[in-house]
Structures are given as C-alpha cells and as structure tokens.
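Q: here is my input, please return the structure:
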Amino acid sequence: MAGADTFEFTDGNFEQEALQSDLPVLVDFWAEWCAPCKALGPTIDSLASHYKDKARIGKLNTETNTQVPATYGVSAIPTVILMKGGEIVEKFVGLRGEKDFKDAIDNLLGQTA
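A: Residues are numbered from 1 along each chain as shown. Next comes the predicted model:
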C-alpha cells in the first residue's frame, strides 16, 4: 500500500488538501485492479518521501472516489496530475518514470535535481 509519506486524497478532502495547498501537489489517480497503477505505486511513494516538506504527493483511488476524477477528466489510469495553486501544471497519462515526475516538480519548485 501507500508509503508513510504518501498522502491519501479523497473526494471529501481534495479541495482542502490539494486545491488549497500552499505546496505543489502531485496526485496519482489509480485503482486496485490496475497493473500499471500498482507498478507506479513505489515511484509515487519514493517521490512522497523525497519531497516530504516541499510538495504534497499522494494517491486518489478512482474506485472509491469518483467525483474528483470526473471533474478533471481522468479517463485512463494511471493518470498523474501536478498542480500548483489549485491549477493543473502538468498531466501525465500512463506509466512514467520517476525522472519525469522529478523534473516536473523541480521545475515547478524552481530548482534542479
């Protein structure tokens, strides 16, 4: 399951924890039955630990939370959305490597890896 630093987003907490966050937010839209989602899980956990105090990184289960994925047009999983100030900065669809996410987060934070 999720790592200790990986946040669990839900339909109920998304506005406060993601949209109103002062930190950049990376959300992994996933489902238990999705093999690529499971493969991506350790990458998300690693990012959550790496950016612990710099960004809020977590997962949203699309099986138990349907409002947020519908709002953001998530039609395929895994989909990962990077947000800042409640706005989408970048959207990744499909299985991607950790470097892709780090590059995007570091760019948003204005620093190099």
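Q: C-alpha from now on. contacts and neighbour counts both.
A: Noted.
Q: residue 59 contacts residue 11, correct?
A: No - counting by C-alpha atoms under 8 Å, no contact exists between residue 59 and residue 11, whose distance comes to 11.5 Å.
Q: more neighbours: which of these two?
A: residue 59 (21 against 15; other C-alpha atoms under 10 Å).
Q: look up phi and psi at the closest residue to that one other than its chain neighbours.
A: Computed as C-alpha to C-alpha, 6 or more residues apart in numbering, the closest residue to residue 59 that is not its neighbour in sequence is residue 28, at 4.5 Å. Main-chain torsions, residue 28, degrees, to the nearest 10: phi -100, psi 110.
Q: and the pLDDT at residue 28?
A: Per-residue confidence at residue 28 stands at 98 (pLDDT).
Q: could you dump the top helix by length along the chain to CSV, C-alpha only?
A: In the chain, with assignment by DSSP state H, the single longest helix is helix 35-50. Output of helix 35-50 as CSV, limited to C-alpha atoms (Å, rounded to 0.1, in the frame of the first residue of the first chain):
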residue,chain,number,x,y,z
ALA,A,35,-1.5,-3.4,-13.0
PRO,A,36,0.3,-0.2,-14.3
CYS,A,37,-1.0,1.7,-11.3
LYS,A,38,0.5,-0.9,-9.0
ALA,A,39,3.8,-0.7,-10.8
LEU,A,40,3.7,3.1,-10.4
GLY,A,41,3.0,2.9,-6.7
PRO,A,42,6.6,2.6,-5.4
THR,A,43,7.6,5.6,-7.6
ILE,A,44,4.9,7.7,-6.0
ASP,A,45,5.9,6.6,-2.5
SER,A,46,9.6,7.5,-3.3
LEU,A,47,8.6,10.9,-4.6
ALA,A,48,6.5,11.5,-1.4
SER,A,49,9.5,10.8,0.8
HIS,A,50,11.9,12.8,-1.4
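Q: all set now, cheers.
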